[in-house]
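In: build me a structure from this.
(chains A and B, ligands or ions: 1)
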Amino acid sequence: MTKHDESEEVSRAIVKIQAGVLAFVCAMIGGIGLFVMTAWLLIKGGPKVGQHLQLLGQYFPGYSVTWKGSLIGFFYGAIVGGIIGWIIGKIYNGIVGIRQH
Amino acid sequence: MLEVSIIGAGPAGLTAAYELSKLGLKSTVIEADHQVGGLSRTVNYRGYRFDIGGHRFFSKVPLINELWQEILGEDFLVRPRLSRIHYDGHFFDYPLKAFNALAGLGPVEAFLVGLSYTKAKLFPSEEETTFEQWVSNRFGHRLYRIFFKTYTEKVWGIPCTEISADWAAQRIKNLSLSEAIRNALFGSGRTKNGQIITTLIDNFYYPRLGPGMMWERCKELLAARGHETIHETRVEKIRHRHGRVECIYGKTFSGELVEFGGDHFLSTMPLRELIQALDPAPPEEVLQAAKNLRYRDYLTVVLIVRRETVFPDNWIYIHTPGVKMGRIQNYKNWSPEMVPDPTRTSLGLEYFLWDKDEEWNWSNDRLIELGIRECAQIGLIDPTEIEDGTVVRMKKAYPVYDQKYYENLAILRQYLETFSNLQTIGRNGLHRYNNQDHSMLTGIYAARNIVGEKYDVWSVNTEMEYHEESRVEKTETSKKKVFSKVGDTTLGDRQVPTRIVPATTASHISPDEIIEAVFAKLDPLALGTAVGIVSGLSLFLATIILLLKGGFVVGPNLSLLRHYFLGFRVTWSGAFIGLVEAGIGGFILGYLIAWLRNWGMRAYAFLLKKRAEAEAQRRLLDDV
Ligand SMILES: Cc1cc2nc3c(=O)[nH]c(=O)nc-3n(C[C@H](O)[C@H](O)[C@H](O)COP(=O)(O)OP(=O)(O)OC[C@H]3O[C@@H](n4cnc5c(N)ncnc54)[C@H](O)[C@@H]3O)c2cc1C
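Out: Next comes the predicted model:
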């Protein structure tokens, strides 16, 4: 970045991510995402409903492409999304902290 | 108690006296004229009041807004602004609007203007050192000739090819990215600290009886506190010894010489005259530098017209070639109380001259005749409607920024700094093209310096409007002082004076703090690393969960990821390969997200700035 560019900076601050907020957002995306994906396949119907999505059952005990499974999927999606968001937030902030010092 | 003598009862001198009175110091203001206000006075001719020009009150310095309201209170009105450009029989909107300008110019001229604009955009002049080049590069040469050249040359008396591009560029350059964003997001009427200020775009403040009212009232307030303003006494000699002014001598209208003592002296008289009045005389180099300073003089012809309404504008810029006047003021539209009889209108025709110009020495009758002829020529009035007229001449109205002025000023400044008890302030006292607000601010600083503060009055200039706003900094000590308080932007209907509504309180989170937070950058490296670690570990975990669970064929679906991650299998070694590759992929993704988000915010900020610059360019005449 040139000297001129620096003087044209609007903000010199670096974003600090609120890990809790990011976790919540990712949890919602994960939970609602999995719920909608499951529900969508159920509404579409067909001879073999959700044969690939079903495989998530390998990781999420109790999950299946059924209406009950969609609620369980919401729960799992939210937990995994929340953990991913929280970890990303924490690691990001940690690195920003190290780089600023 | 310290005593201070102040030369000149213009805005700077009176504000200094006012500030000194607040600080508990005694001062005496010595004024050459019979009236106070200097260039900001209001002349009263048989009940018709008029300014020297037209004085809009606007400032981005909250302290000054506060002071104006403190002095005038209810008599300080918010007035709507309308000004247009007259060119070749047509009126054009100001600030310039593309369609209005092209429609007024007619199809042929509009086409030529379009061509010249396109040419300027495709092949701009590489050299941009003169005002002509600067404006032509932005508007095209044809529009420059129509809307900028004549008026600028009338005001400054110098060809635009000899005027530096700097001062035009100044205003645009000074528009910082953060200011442009602040204006776009929070409106242009706020300072960095979120305080509301008057925008000079569609309205401005104006005293009910003209700007002179502000200074008459200030004088009265000073008198009530026991501080004298002495009139009709021109300071002609300043006696000094060992770097201290001992006393000043003023000559009254009757020729009597009066001596004024004091511990400190403030001068708003033109620098050239001040240096020449010093006794003993300064070194030759200093005298020569003072002699080299140039001033543009100004003359206004006031015509009383037997008509209720002549035009709706506060003023009109006259760009029509072959007409000497530069602007016409309609004082009734500044405040209805500027005329004693509502069936009459008073027009102020402004002529920018050098005092050696032939017209300067014309008789008043001849100048009035010229004014009537020119007004009729551009179709504003019928000569038979003129009831009366008068002329006011104002020497040294504009300090000229010629090629050498800065050098000369540096010599004078250096010399004046050898005096321990003399400060020069105000427009001509600093040879700065300052408006009232900055002239006043120098008065306030000088007064505070007397009680031991260390403000640099020379640092107050037009740039300050953009950079300093409410904050004043001691240049050397970097100690900061923040003045709070708010002005008001309540608008009134056209032609109806409105009163100031009491100040509102500012939010304690300033716009700048909000902008700083909103436009803060994501750290691409950090986000890349975070997303990389999470992606790598996720794939690693997904793989080993399947491995631990075992089965006949382990992870046939997950292993399809090998199409993306080279060498990946649902095996123990594959888990590590996935960890590394998904980590790298995640890093790139995170980095890109952060970079794109930062780039988008920056692009948005620059878009706002470009818009603000275009707006400022359209208002360039305000600064001429
Ligand atoms: C045409 C025109 C339009 C303007 N429009 C605006 C505007 O819209 N808004 C705005 O804010 N500003 C405007 N200004 C600028 C404004 O007038 C000045 O910034 C302001 O008046 C400067 O104040 P001052 O006290 O520094 O100087 P001045 O106003 O020049 O006052 C100096 C005083 O000192 C007196 N004096 C000089 N020499 C001596 C001496 N030897 N002895 C005793 N007394 C002396 C003079 O008589 C005068 O009264 C305009 C100026 C002009 C010329």
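
In: and residue 86, how many neighbours?
Out: Because you didn't say which chain, this covers chain A. Using other C-beta atoms under 10 Å in any protein chain shown, residue A:86 has 20 neighbouring residues. (Each C-beta comes from the backbone N, C-alpha and C, glycine too.)

In: right idea, wrong chain: chain B
Out: 21.

In: host element of it?
Out: Counting by DSSP states H and E, the element that carries residue B:86 is strand B:83-87.

In: tell me the mean pLDDT over that strand?
Out: In this model, strand B:83-87 has a mean pLDDT of 91.

In: tell me if that strand is near the ligand.
Out: No - Strand B:83-87 stays clear of the ligand (C-beta under 6 Å from any ligand atom), getting no nearer than 11.4 Å.

In: the helix or strand just after that strand pairs with which strands?
Out: Where DSSP H and E defines the elements, the next helix or strand beyond strand B:83-87 is strand B:90-93. If you go by DSSP bridges, strand B:90-93 pairs up with strand B:83-87 (antiparallel).

In: show me what the longest helix along chain A is packed against.
Out: The residue-count maximum for a helix in chain A (DSSP state H) belongs to helix A:67-100. Packing contacts for helix A:67-100, counted by 3 or more C-beta pairs under 8 Å, 6 or more residues apart in numbering or on different chains; DSSP states H and E, involve helix A:19-44, helix B:524-549.

In: most packed of those helices?
Out: Sort these by mean neighbour count, taking mean count of other C-beta atoms under 10 Å in any protein chain shown, and helix B:524-549 sits at the top with a mean of 20.

In: the following helix or strand past that helix near chain A anywhere?
Out: Going down the chain from helix B:524-549, the next helix or strand is helix B:572-618, by DSSP H and E. Yes - using C-beta under 8 Å from any C-beta of the partner chain, we find that helix B:572-618 touches chain A at B:590, B:601, B:602, B:605.

In: got the angle between helix B:572-618 and helix B:524-549?
Out: With axes from the mean of the first three to the mean of the last three C-alpha atoms, to 10 degrees defining the directions, helix B:572-618 sits at 150 degrees from helix B:524-549.

In: show the average pLDDT along helix B:572-618.
Out: For helix B:572-618, mean pLDDT is 90.

In: packing partners for it?
Out: When contacts are defined as 3+ C-beta pairs under 8 Å, 6+ apart, helix B:572-618 sits against helix B:166-173, helix B:177-186, helix B:524-549.

In: returning to that earlier point: okay, buried residues for the longest helix of chain A please.
Out: Residues of helix A:67-100 classed as buried: A:69-70, A:72-74, A:76-78, A:80-93, A:95-96 (neighbour count, 16 or more other C-beta atoms under 10 Å in any protein chain shown).

In: coming back round to it: so for the ligand, which of the helices and strands packed on helix A:67-100 sits nearest?
Out: Among the helices and strands packed on helix A:67-100, the nearest to the ligand by C-beta to the nearest ligand atom is helix B:524-549 (47.7 Å).

In: tell me what the closest one is packed against?
Out: When contacts are defined as 3+ C-beta pairs under 8 Å, 6+ apart, helix B:524-549 packs onto helix A:67-100, helix B:572-618.

In: where does the chain dip in pLDDT?
Out: In the absence of a named chain, chain A is used. Within chain A, the stretches with pLDDT under 70 are A:1-9.

In: look at chain B instead
Out: Chain B contains residues with pLDDT under 70 at B:167, B:169-201, B:461-511, B:623-624.

In: which bits of it sit near chain A?
Out: Residues of chain B found near chain A (C-beta under 8 Å from any C-beta) are B:177-178, B:181, B:515-523, B:525-527, B:529-531, B:533-534, B:538, B:542, B:545-546, B:549, B:557, B:590, B:601-602, B:605.

In: follow-up on the earlier one: quick one: residues in contact with the strand holding residue B:86.
Out: Strand B:83-87 has contacts (C-beta atoms under 8 Å, 6 or more residues apart in numbering or on different chains) with B:91-94, B:96, B:104, B:146-147, B:151, B:313-320, B:378, B:621.

In: filter those down to the buried ones, PyMOL style.
Out: In PyMOL, this line selects whichever of the contacts of strand B:83-87 come out buried by 16+ other C-beta under 10 Å:
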select buried, chain B and resi 92+94+96+104+146+147+151+313+314+315+316+317+318+319+320+378+621
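
In: many thanks, have a good one.
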